[in-house]
Each structure stands twice: as C-alpha cells, then as structure tokens.
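A.B. asks: Provided below for reference: sequence and predicted model.
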Amino acid sequence: MFRTVHEDVRVARHSVSRRRFLHTVSAGAALAGTLSFRDLMSLQAEELRRQGRSMILLWMAGGPSQLETFDPKPNHENGGETKAIPTSVPGIQIASGWEQTAKVMDDIALIRSMTNREGNHQRATYQMHTGYVPSGSVKHPSFAACVAKEIGDPESELPSVVSIGPTVGAGFLGVDYEPFVVNNPGSMPQNVAATVQDDRLNRRLGLMGRLEEDFADRGGRVVVDNHRQLYDKASKLVLSPQTKTFDFADEPQSLRDKYGDSQFGRGCLLARRLVEEGVTFVEVRSGGWDTHQDNFEQIGRLSSQVDPGMATLITDLKQRGMLEKTVVVWMGEFGRTPRINPRGGRDHYPRVFSVAMAGGGIRGGQVIGSSTEDGTAVEDRPVAVGDLFSSICKSLHVDPQAENISPLGRPMRIVDEGEVIDELFG
C-alpha cells in the first residue's frame with residue numbers, strides 16, 4: 001500500500017480502523033491512490049470531528065488541597081480537621097464536603113499520585129494549561145487551543161474554546177483558537193449581545209471593511225487580516241441563532257437548583273449546554289483555592305459550590321448520553337503542603353497532588369496511585385503532567401505527537417513527552 005509506517009501509527013493512535021478510514025477517504029479504493037498525504041490527514045481530521053468529542057476542564061485556581069478533596073488523611077496528624085466519607089464505590093473514601101461527588105464515584109477515576117516541580121502559581125498554571133513550562137522565546141498555545149485545532153469544527157458558529165472566567169490563551173496558534181470568555185454564565189454575554197439590527201450591523205461591517213482596505217493598501221495588510229479574522233468570528237457569533245445556548249431560559253428550575261446557584265454551578269450548566277451544541281473545549285473556573293490561611297473554612301465554602309456543580313454535570317452528561325464522548329477533568333496547578341502552617345493554612349506543594357477524571361471512555365470507580373501515609377510524597381505510580389495530557393489526548397482521540405509550528409519555525413508537539421495512563425482505560 002501507499003501509506004507509510006508513520007501514517008499507520010497515526011491512524012492506530014486515533015483508533016480508526018483501516019476499513020473505516022478508507023471508507024471515509026473515498027467511496028471506492030481506486031480514489032485512495034490519488035490522494036496526497038495532506039488530503040489523507042485532512043479527511044482523518046474530519047472523521048474525528050464527526051465523532052463529536054469534547055472536554056470540560058474544571059479548574060480550581062490557586063491549587064486545591066488534596067487532603068481536603070480526594071486524598072484525605074484523617075488518621076494522621078497532618079490531616080487536620082478533615083473527615084473521610086464513603087463513596088458509591090466500596091473502599092474509596094474522599095473528604096467530607098464532597099457528598100454529592102461521592103455518589104457518582106462509579107464514574108470518576110482519581111489520580112492520587114500526580115507529581116510536578118512547579119510551585120509558582122503563574123508558572124504552574126501555564127504548564128497545567130499548555131503542557132510546557134514558560135519560555136521567554138515562545139508563547140505556547142493552550143492545550144485547549146491545540147485540541148480545538150485538531151478536532152474542532154471550523155465552520156461552527158460557536159467558538160471552539162469557551163472559558164467561564166479568565167484562562168491561558170491560544171499563543172502562537174492565533175485568534176482562531178483564542179478562548180471566548182464568559183463572565184456571567186446563564187445570561188447573554190455582553191460581548192455577543194448585538195445592539196443594532198442584523199442588517200444595520202452588516203452595513204457597519206461592510207463600511208469597516210472598506211476603511212480597512214485603504215489601510216491595508218498603505219502597508220497594513222497583516223494587521224488588517226488579523227483584525228478581519230477576529231471581527232469575522234465575532235460577527236458570526238453575534239448573528240447566530242446558537243447564541244441562545246448562553247441563556248438558561250429553557251432549562252427547568254429543578255435542574256438549575258441541582259447545579260447550584262453559584263458562579264461555578266451555573267458555569268457547569270453552561271458547559272453542558274455548550275458541548276451539547278458542539279463546542280470542543282470548555283473551562284469552568286473556581287477561584288480562591290490558595291489557602292495559606294483558614295484552609296478548612298475556605299475549602300468548606302468552596303466545596304459547597306463545586307461539589308454539586310461537578311456531580312450534577314457528570315450525572316447530566318450521562319443521562320443525556322454525552323458522557324462517553326465528553327471527558328471531564330478536575331484539577332488545579334498543584335496541591336498543598338501536608339503540614340498545616342501557623343495560620344491554619346496549607347502552602348504550595350507540587351510534589352504530590354490529585355486529579356479527578358470522568359467520561360471520555362475512562363473507567364470510573366478506581367484510584368490510580370497513592371501518596372505516603374503522611375502525604376509528603378508519592379507512594380506508588382507517579383504520574384507526570386505529560387502522562388496526564390497524553391491520557392486526555394487518548395480520551396479525545398487526538399494524537400499527542402501532532403505538531404504545530406512556532407513563529408521561529410520550530411515544530412512543537414501537543415504533548416512534549418509522556419505516557420498514557422493505561423489503567424484509566426482498562
């Protein structure tokens with residue numbers, strides 16, 4: 001056959017069978033020989049888009065304590081006030097305050113052996129969003145942008161990446177993959193609410209286009225092209241009937257109550273609505289997890305918002321038949337110190353922390369890895385950032401070794417290094 005070994009490996013990674021792939025390429029095998037390598041990859045990408053896979057990142061900004069969430073140590077002096085509660089899976093316990101999440105543990109896989117070196121908020125947040133440590137020479141694209149580039153629908157009227165709250169941008173991948181930021185989930189975003197009728201808006205856009213052309217003719221072509229690209233995306237969204245996705249008017253109050261009347265709860269409901277409409281990547285942000293003081297009080301308040309939102313999201317996706325194609329990831333930039341400081345808080349601790357995952361073909365009801373009895377180190381099965389990202393790629397059927405070219409001409413993989421956590425899919 002005309003395919004190279006490299007192509008066979010890429011097809012195998014995406015779990016697309018040879019028969020199905022060739023059927024997608026053409027209606028007959030005779031056409032396959034006329035297609036270039038680029039055509040083959042383009043058609044394979046189209047096949048992946050039709051699968052409709054997506055990701056929802058539940059981001060705990062500030063670094064959540066693993067001891068007050070998914071790796072409690074109630075029998076150790078470092079455990080503090082936290083109590084452990086049983087879950088729907090015998091033998092798995094999590095911290096008190098997460099009673100709703102405990103009920104859906106059958107669908108959740110806990111990784112208790114995440115480990116990293118970055119203990120600075122900015123650097124760790126960057127790494128946990130891009131897979132790369134910060135570098136002065138390049139602004140890496142977010143993992144969300146890379147995923148959207150691989151499997152997002154470029155013809156969709158909704159953005160491929162949406163973030164409820166601020167997040168890391170698309171870096172050198174450009175405006176096509178920049179996140180659309182929503183600050184008030186549940187109501188129409190101010191940045192898409194058109195203040196004029198559609199025909200008048202179109203006339204204004206036409207006038208702007210003519211003015212821009214004059215500027216482009218005077219040497220501003222690159223600036224104009226970027227500006228047009230941004231405005232084309234914005235106007236497409238403003239004029240789209242799919243903007244109703246941002247409005248909860250058609251959602252029953254009973255379901256809204258289950259998600260919770262909080263910014264995070266409403267964000268989780270919006271995330272479900274967005275992936276239901278074909279959005280590839282949604283991030284829902286919960287802030288305040290930097291608990292250097294009053295750790296237990298702060299986490300009690302935060303978990304009262306995140307617990308119902310997260311549990312209801314998983315249940316809602318499952319009931320709608322969407323969980324198998326939607327991977328949900330709960331994480332922050334690092335964990336917290338096992339020892340409680342004099343202010344009743346816990347400090348930064350990247351050496352060992354936890355991540356929770358559900359959906360996307362992941363086998364729930366299990367714990368991967370463990371920390372030591374005192375919580376100071378990984379006891380077994382260490383998991384690095386690259387391993388986590390490689391596993392998410394497998395869930396999304398994205399090739400982690402797919403490359404993007406930086407402005408300096410350097411090819412950069414979606415995941416620089418890492419191995420799939422096979423237990424997640426066993």
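C.D. replies: On my side now, so go ahead.

A.B. asks: closest to the centroid, which residue in this protein?
C.D. replies: Centroid-nearest residue in the chain, with Cα atoms, centre = their mean: L57, separated by 3.6 Å.

A.B. asks: just checking, E379 touches K73?
C.D. replies: No - in this structure E379 lies outside contact range of K73 using Cβ atoms under 8 Å: 12.0 Å. All C-beta spots, glycine's among them, are computed from the backbone N, C-alpha and C.

A.B. asks: can you list residues touching both of the two?
C.D. replies: Residues touching both E379 and K73 (Cβ atoms under 8 Å, 6 or more residues apart in numbering) are E373.

A.B. asks: quick one: which of those two has more around it?
C.D. replies: Each of E379 and K73 has its neighbours counted (other Cβ atoms under 10 Å); K73 has more, 20 against 15.

A.B. asks: tell me the contacts of the nearest residue to G97 once chain neighbours are set aside?
C.D. replies: Among residues not flanking G97 along the chain, S303 sits closest, at 3.9 Å (Cβ to Cβ, 6 or more residues apart in numbering). By Cβ under 8 Å, 6+ apart, S303 lies in contact with E68, T69, A95, G97, W98.

A.B. asks: how close does S303 sit to L388?
C.D. replies: Distance, S303 to L388, using Cβ to Cβ, to the nearest Å: 22 Å.

A.B. asks: do the same with A358
C.D. replies: Counting by Cβ to Cβ, the gap from A358 to L388 is 14 Å.

A.B. asks: what are the phi and psi angles of the closest residue to A402 other than its chain neighbours?
C.D. replies: Nearest residue to A402 in three dimensions, chain neighbours excluded: I414, at 5.3 Å (Cβ to Cβ, 6+ apart). Backbone torsions of I414, given as degrees, to the nearest 10, read phi -60, psi -40.

A.B. asks: I414 touches K394, doesn't it?
C.D. replies: No - using Cβ under 8 Å, I414 is not in contact with K394; the gap is 11.9 Å.

A.B. asks: residues shared between the contacts of these two?
C.D. replies: P400.

A.B. asks: tally of neighbours for the residue nearest to A402?
C.D. replies: Under the neighbour criterion other Cβ under 10 Å, I414 is assigned a count of 24.

A.B. asks: report the secondary structure element holding Q305.
C.D. replies: Taking DSSP states H and E as the definition, Q305 sits inside helix 295-319.

A.B. asks: now do that helix: distance to the chain's middle.
C.D. replies: Centroid separation for helix 295-319 versus its chain: 17 Å, with Cα atoms, centre = their mean, to the nearest Å.

A.B. asks: again with stretch 412-426
C.D. replies: 15 Å.

A.B. asks: can you list contacts of that stretch?
C.D. replies: 109, 111, 131-132, 138, 140, 143, 146-147, 150, 357, 361-363, 366, 368, 383-391, 393-395, 398-406.

A.B. asks: buried ones among these?
C.D. replies: Buried by 16 or more other Cβ atoms under 10 Å: 109, 111, 131-132, 140, 143, 146-147, 150, 357, 361-362, 366, 368, 383-391, 393-395, 398-400, 402, 404, 406, out of the contacts of stretch 412-426.

A.B. asks: shaky segments in the stretch 201-350 of the chain?
C.D. replies: 201-212, 214-239 (pLDDT under 70).

A.B. asks: now do the helices in it.
C.D. replies: 221-238, 253-259, 263-276, 295-319 (DSSP state H, counting those that start in this stretch).

A.B. asks: tell me the angle of the last one relative to helix 263-276?
C.D. replies: Right, helix 295-319. 20 degrees (axes from the mean of the first three to the mean of the last three Cα atoms, to 10 degrees).

A.B. asks: now intersect the buried ones among the contacts of stretch 412-426 with the helices, please.
C.D. replies: 143, 146-147, 150, 385-391, 393-395 (DSSP state H).

A.B. asks: ok, the residues you listed vs Q263, which is closest?
C.D. replies: Each of those was scored against Q263 by Cβ to Cβ, and F143 proved nearest at 23.1 Å.

A.B. asks: quick one: the closest one and G131 touch, right?
C.D. replies: Yes - between F143 and G131 a contact is recorded at 5.8 Å, counting by Cβ under 8 Å.

A.B. asks: what touches both of those two?
C.D. replies: F389, I414.

A.B. asks: quick one: residues contacting the nearest residue to G332 once chain neighbours are set aside.
C.D. replies: Spatially, and ignoring its direct neighbours in sequence, G332 is nearest to M60 (3.7 Å; Cβ to Cβ, 6+ apart). Contact analysis of M60 by Cβ under 8 Å, 6+ apart lists S286, W289, L302, V306, W330, M331, G332.

A.B. asks: repeat that for I299.
C.D. replies: P64, S65, E68, T69, G97, W289, T291.

A.B. asks: one more time with 7 Å, if that's ok
C.D. replies: Residues counted as contacts of I299 (Cβ atoms under 7 Å, 6 or more residues apart in numbering) are S65, E68, G97, T291.

A.B. asks: which among those gets closest to N341?
C.D. replies: With Cβ to Cβ as the yardstick, the closest approach to N341 among the contacts of I299 comes from T291, at 10.0 Å.

A.B. asks: number of nearby residues for the closest one?
C.D. replies: The number of residues near T291, taken as other Cβ under 10 Å, comes to 24.

A.B. asks: please apply the same query to V89.
C.D. replies: By other Cβ under 10 Å, neighbour count at V89 equals 18.

A.B. asks: SS state for it?
C.D. replies: With DSSP: H, G, I helix; E, B strand; the rest coil as the basis, V89 sits in coil.

A.B. asks: so how far is F425 from it?
C.D. replies: 18 Å.

A.B. asks: same thing with D153?
C.D. replies: 25 Å.

A.B. asks: do the same with D294
C.D. replies: Separation of D294 from F425 (Cβ to Cβ) stands at 39 Å.
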